[in-house]
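K.L.:
sharing a model prediction with you, sequence too.
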Amino acid sequence: MPATMAPTTEMKRRTFLRGLGVSIALPAFESIGKPIGKSGKAKRFVCIAPNYGMYPGGFFPEQIGLDYVMPSLLKSLEPHRKDLSIFTNLDHPDVGGGHGCSNTFLNGVELKDTKDNPQRLFSFDQHLAEQIGEANRFPSLLLGAGGFSWSRAGVKLPTNSDPRKIFAQLFLDDPRKTKERNRHFIDEDASILDVVREDARRLSQRLTKTDRDKLDEYLTSVRAVERHLRRKEEWIDIRKPKVKDSVIKGDGDDRIVDLSYPYNTEVLYDLMVLALQTDSSKVICYGHPGGNRLFPFDGITLGYHSLTHHGKRPDLLKQLVVIESYYAQQFSNFLTKLKNTRDVEDRPLLDSTVVLFGSGMGNASSHSSRNLPIMLAGGGFRHGQHHRFERHGRDGLPLSNLFVSIMQQLKIEQDRFATSTGNLNHLLT
């Protein structure tokens, strides 16, 4: 690298903002050599993702169209047939196999392919949060474990799986000292951003046009962090909605709440409904964790991860189906609650909320990322059918085509996302 290209101020590969835990990742610049440190039919978006996907043999219907037979894993969703669409042969064309494909669910790109441009990892939910969630206290809520959301800066975002902490975050006002500390952190982080912006300005004078374009993408990430800081400061003194804590404590002898996983799944779904109803957030993601935990259900003798590598053994599949049927039942209960809960316009929440269920893992037994288990509910779409698409060699239809239809249903005027080649409007609207 020529000496004249070296910046006078070295920028670290990652700059961490302490107050918010925000991480900004710089792209790799070829000219330096070394990486430098609207209201529509639908108004809300919820995404539910089991980390290891769902067993394909029990998830996909055999028939297409309206008259399909609900598959064994999804029997509990029969009451929601008219509000639900099931898809076969949607996947991400550029994603390979392995456990890492779970992280690609909402962006369609693998981490290893983004070293020169980490901003490509920006996930669909976070894009929606920027478009429809800016006016809310929480532009997005990331719940559960096994997170699959990525910031505009190309950083995997943390999740919260503790129902007590989530309830406090949503509905308990912070003490005065906590508010003062938050203001102090925000001021510190704003000062760091000022330094980052000035260093970037100096750096841009030394870059080629190609690298200046990369730097512009990086600065877009910085501006997103700045907006996040301003929003956080604006909300500090605004009172939170008042909600009874029975959702996490129960109603005396009538209802005992178990806050340990997997039984807390119902509680987390209840908290999501409350967050939507109080308009605390318009974008929510919930991830069921992976790992090899032993589920406390009758008949389960092996860890979850071990069961996903069933090799089609009937004894293992029987146990796996117990776990995944539980996931489906809880999802069905969630849709029922969305139907029965009214939004601020006195509409059922399900009518104004797009609910996506799926995973970046198509078949955990073989670590395949092909034919992802995808369902879509609510949001004013035309539902009731099973749609099966043609496969061309290894690839099915890009899942991102569905993302485009979701964006447009949310009145986001955009016709591309990630690897999309079109949309599914002809099937859903």
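P.N.:
In hand now; what should we look at? Numbering: from 1, shown residues only.
K.L.:
number of nearby residues for the closest residue in space to L317 that isn't next to it in sequence?
P.N.:
The shortest distance from L317 to any non-neighbouring residue, by CB to CB, 6 or more residues apart in numbering, is to H310 (5.1 Å). (C-beta placed from N, C-alpha, C; glycine too.) When counting by other CB atoms under 10 Å, one arrives at 20 neighbours for H310.
K.L.:
residue contacts, H310?
P.N.:
With contacts defined as CB atoms under 8 Å, 6 or more residues apart in numbering, H310 is in contact with Y55, L316, L317, L320, S365.
K.L.:
can you redo these as CSV with pLDDT?
P.N.:
Converted to CSV, the contacts of H310 look like this (pLDDT from 0 to 100):
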residue, pLDDT
Y55, 97
L316, 97
L317, 97
L320, 97
S365, 94
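K.L.:
and the two most separated of those?
P.N.:
The two members of the contacts of H310 with the most space between them (CB to CB) are Y55 and L316, at 10.2 Å.
K.L.:
which one's more surrounded, these two?
P.N.:
More crowded of Y55 and L316, by other CB under 10 Å: Y55, with 25 against 18.
K.L.:
now the nearest residue to M54 once chain neighbours are set aside. Its backbone dihedrals?
P.N.:
Distances taken as CB to CB, 6+ apart put P373 closest to M54, at 4.1 Å, once the chain neighbours are dropped. Dihedral pair for P373: phi -80, psi 100, per degrees, to the nearest 10.
K.L.:
contact partners for P373?
P.N.:
P373 makes contact with G53, M54, P56, F59, F60, F357, G358, S359, G362, according to CB under 8 Å, 6+ apart.
K.L.:
and if we set it to 7 Å?
P.N.:
G53, M54, F59, G358, S359 (CB atoms under 7 Å, 6 or more residues apart in numbering).
K.L.:
where in this protein is pLDDT low?
P.N.:
1-40, 186-196, 214-215, 217-218, 221-222, 225-226, 228-229, 252-255 (pLDDT under 70).
K.L.:
show me where it has its helices.
P.N.:
56-59, 124-132, 163-171, 176-204, 209-235, 246-249, 265-277, 304-308, 314-340, 400-409, 425-428 (DSSP state H).
K.L.:
any chance of those in JSON lines, plus distance to V95?
P.N.:
Output for these, formatted as JSON lines (distance: least, CB to CB, whole Å):
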{"stretch": "helix 56-59", "distance to V95": "17"}
{"stretch": "helix 124-132", "distance to V95": "14"}
{"stretch": "helix 163-171", "distance to V95": "30"}
{"stretch": "helix 176-204", "distance to V95": "31"}
{"stretch": "helix 209-235", "distance to V95": "22"}
{"stretch": "helix 246-249", "distance to V95": "37"}
{"stretch": "helix 265-277", "distance to V95": "27"}
{"stretch": "helix 304-308", "distance to V95": "18"}
{"stretch": "helix 314-340", "distance to V95": "22"}
{"stretch": "helix 400-409", "distance to V95": "11"}
{"stretch": "helix 425-428", "distance to V95": "23"}
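K.L.:
which among the ones you listed is found nearest to G96?
P.N.:
Taking the helices of the chain one by one with CB to CB, helix 400-409 is closest: 16.7 Å.
K.L.:
that closest one: how far from the chain's middle?
P.N.:
Offset of helix 400-409 from its chain centre (CA atoms, centre = their mean, to the nearest Å): 15 Å.
K.L.:
for that helix, packing partners?
P.N.:
helix 425-428 (3 or more CB pairs under 7 Å, 6 or more residues apart in numbering; DSSP states H and E).
K.L.:
which of the residues in the helix it packs on are buried?
P.N.:
Buried residues in helix 425-428, defined by neighbour count with 16 or more other CB atoms under 10 Å: L427, L428.
K.L.:
when you give positions from now on, start the count at 771
P.N.:
All right, first residue 771 from here; so that's helix 1195-1198.
K.L.:
from the contact counts, what lies against it?
P.N.:
helix 1170-1179.
K.L.:
could you dump the helix it packs on to CSV, C-alpha only?
P.N.:
Coordinates of the C-alpha atoms in helix 1170-1179 are reproduced here as CSV (Å, rounded to 0.1, in the frame of the first residue of the first chain):
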residue,chain,number,x,y,z
SER,A,1170,-37.1,-12.1,-0.7
ASN,A,1171,-40.0,-11.9,-3.3
LEU,A,1172,-42.3,-12.5,-0.4
PHE,A,1173,-40.5,-9.7,1.5
VAL,A,1174,-41.2,-7.3,-1.3
SER,A,1175,-45.0,-8.1,-1.1
ILE,A,1176,-44.9,-7.5,2.6
MET,A,1177,-43.2,-4.1,2.2
GLN,A,1178,-45.8,-3.0,-0.4
GLN,A,1179,-48.6,-4.2,1.8
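K.L.:
quick one: it to helix 894-902, angle?
P.N.:
Per axes from the mean of the first three to the mean of the last three CA atoms, to 10 degrees, the angle that helix 1170-1179 makes with helix 894-902 is 20 degrees.
K.L.:
domain-wise, how is this protein divided?
P.N.:
Domain assignment for the chain by automatic domain parsing gives 771-807+945-1009, 808-942+1017-1198.
K.L.:
just name the most buried of those domains.
P.N.:
domain 808-942+1017-1198 (a mean of 19; mean count of other CB atoms under 10 Å).
K.L.:
and that domain, how far out from the chain's middle?
P.N.:
The answer for domain 808-942+1017-1198 is 8 Å, by CA atoms, centre = their mean.
K.L.:
was I right about G1148 contacting D853?
P.N.:
Yes - G1148 lies in contact with D853 (CB atoms under 7 Å); the separation is 6.0 Å.
K.L.:
shared neighbours of these two, anything?
P.N.:
L1120.
K.L.:
on that earlier part again, roughly how far does the residue nearest to L1087 sit from S1095?
P.N.:
Separation of H1080 from S1095 (CB to CB, to the nearest Å): 15 Å.
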